[in-house]
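Q: Quick one: sequence and predicted model below, then my questions.
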Amino acid sequence: MSLDHVLGIVYAALLGGALGSFANVLIIRWHEGASILGRSACPHCKRQIRAKHLIPVLSWLWLKGRCAECERKIHIQYILVELLGVALGIAAALRFNPFDFAVASWFWFEFVVTLALIVPSVMDIRWQELPVEYLGWMAAIAFAFRVTLAHDPWSVVISTLIALALITLFFGLQIILSNGAWLGVGDLWFGAFMAGVLGWPKIAVALYAAYLVGGIIAISGLIVGRYGRKSRLAFAPMLAIGILFALWFGNGILMWIARVYA
Ligand SMILES: [Zn+2]
């Protein structure tokens, strides 16, 4: 690995931590319906957090997960999301060196779309909420990225439209059949984001992985008695795992399928 690639990974890790920190702000303020502007404050005592306590990951560890003012516990979400930001930044930089001009745009594509998955996943896990407008914007941004970077933009447009039609039908049917119990309208917007990021046929790989992981978690949850038959499994994190899987392994899997069935 060249020196500039190592530097690229360090750069992406730092940037990922900073964006994870920002994701935490979006998650909490959208849940509370508050403005995303303004300084961060402690969720308990509402006192502003000092600049030296705003360093991703390190501040949480240094303060042992407690507010520096009132010493009450800060939710584990904060450090988990920041660590996830660091990990996703490193993953994107390992695949595409951000300092290599030939692949830098793909680094930014993966960096943006994988980090974007954190906000809806956490909101779904904690409160069964999805940020619909955000998902719509992210779908458009991901699509614009792919059209701009493609050798053949029209094939991207067509593959995205096919993916969008299929996922709308697939999720729409489940919403109607279950009367909104399995999936909600927010999931349709998540589906649009999936179509914008992946297009057809990679979206099929993502769905397959999402339902597989969801099934495994649901079954093991039933076995160990964590879930009842009626408990609702947060679906957005499964779809997020599906998207990561399709981005990282989709090409290889599709080539393998083509070889086997050709
Ligand atoms: Zn406090």
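A: Perfect, thanks for sending it.
Q: Distance check, Ile203 against Ser155.
A: As defined by C-beta to C-beta, to the nearest Å, Ile203 lies at a distance of 15 Å from Ser155. The C-beta positions use only the backbone N, C-alpha and C, and glycine is treated the same way.
Q: Which one's more surrounded, those two?
A: Counting neighbours by other C-beta atoms under 10 Å for Ile203 and for Ser155 shows that Ile203 has the greater number, 27 against 12.
Q: In contact with that one, which residues?
A: Under the criterion of C-beta atoms under 8 Å, 6 or more residues apart in numbering, the neighbours of Ile203 are Ala163, Leu166, Ile167, Met194, Ala195, Ala246.
Q: what do you get if the cut-off is 7 Å, keeping everything else the same?
A: In this structure, Ile203 makes contact with Ala163, Ile167, Met194, Ala195, judged by C-beta atoms under 7 Å, 6 or more residues apart in numbering.
Q: and whichever residue of the stretch 101-250 of the chain sits closest to the ion, how many residues sit next to it?
A: Closest contact between the stretch 101-250 of the chain and the ion, by C-beta to the ion, is at Arg126 (19.5 Å). Counted with other C-beta under 10 Å, the neighbours of Arg126 add up to 14.
Q: So it, which state does it fall into?
A: With DSSP: H, G, I helix; E, B strand; the rest coil as the basis, Arg126 sits in helix.
Q: Skipping adjacent residues, who's closest to it in space?
A: Distances taken as C-beta to C-beta, 6 or more residues apart in numbering put Gln77 closest to Arg126, at 7.1 Å, once the chain neighbours are dropped.
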